[in-house]
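Novice: Build me a structure from this.
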Amino acid sequence: AVTKGDVTVKNVIPKHMESITAKLLEIGCEVEEADDCIRVVATKAPMHTQVKTLPYPGFPTDMQPLITVALALAKGTSIVTESIFENRFKYVDELTRMGADIKVEGGDTAIIDGVPKYTGASISVPDLRAGAALVIAALAAEGFTLVDNIKYIERGYEDFHIKLKNLGAQIELTETEKDYQKFKLKTG
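Specialist: This is a model prediction of the structure:
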């Protein structure tokens, strides 16, 4: 939804994903379900909506950063309410460095005014789910984004950058500034 792509996720139980697919449909994605897979196609900017995290079968708190990243690119104003965990919006400052227009009120509600695009920036990962969401935002950004403090992502997602690369992402795991500059020359 964020990068306007076409992705099929296999080995899932679509019934368990209903709260997520309902929101994806609501923001304008096409969703196709089969026995053990879900295909999501996004061809345009997402539409605004409201999301509140709830225990299963409600919208999962682990998906909150990802839907926020999508809604920050939506036309109009969206509201995301986190009702499960405190301090779950720690990533918002990093997203605003990329051009997002998000205000967090009361620690549990994000008011999101959609912007047309993200811009590359140097950002830092505050936790696992936010890290994944920030990387997805970086993939949609114009320019280059350097994502620092990726230890959370590496602990929670095996070969995350390789899986994204297999989906067509221009992404590289770099150890040094020199490696980063090489990547920029190679892809710029």
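Novice: Can you show me the helices along the protein?
Specialist: Ranges of helices in the chain, per DSSP state H, are 18-26, 64-71, 92-97, 128-140, 151-156, 160-166, 177-187.
Novice: buried residues in the last one?
Specialist: Yep, that's helix 177-187 we're talking about. The neighbour-count check on helix 177-187 (16 or more other CB atoms under 10 Å) flags F183 as buried. All C-beta atoms are positioned from the backbone trio N, CA, C, and that covers glycine.
Novice: Would you mind listing the outside residues contacting that helix?
Specialist: 144, 146, 170, 172, 174 (CB atoms under 8 Å, 6 or more residues apart in numbering).
Novice: measure the closest residue to P126 other than its chain neighbours to L185 for me?
Specialist: Distances taken as CB to CB, 6 or more residues apart in numbering place K90 nearest to P126, at 4.1 Å, with adjacent residues excluded. Computed with CB to CB, to the nearest Å, the distance linking K90 and L185 is 33 Å.
Novice: ok, back up a step: of the contacts of helix 177-187, closest to V104?
Specialist: Nearest to V104, judged by CB to CB, of the contacts of helix 177-187 is L146 at 24.0 Å.
Novice: For the closest one, grab the count of nearby residues.
Specialist: Neighbour count for L146, taken as other CB atoms under 10 Å: 15.
Novice: How many neighbouring residues does the residue lying closest to it once chain neighbours are set aside have?
Specialist: Take L146 and drop its neighbours on the chain: the residue closest to it by CB to CB, 6+ apart is S122, 4.6 Å away. Neighbour count for S122, taken as other CB under 10 Å: 12.
Novice: And G120, by the same measure?
Specialist: Residues lying near G120 (other CB under 10 Å) number 17.
Novice: For it, list the residues it contacts.
Specialist: Counted by CB under 8 Å, 6+ apart, G120 has contacts 98, 138, 141-145.
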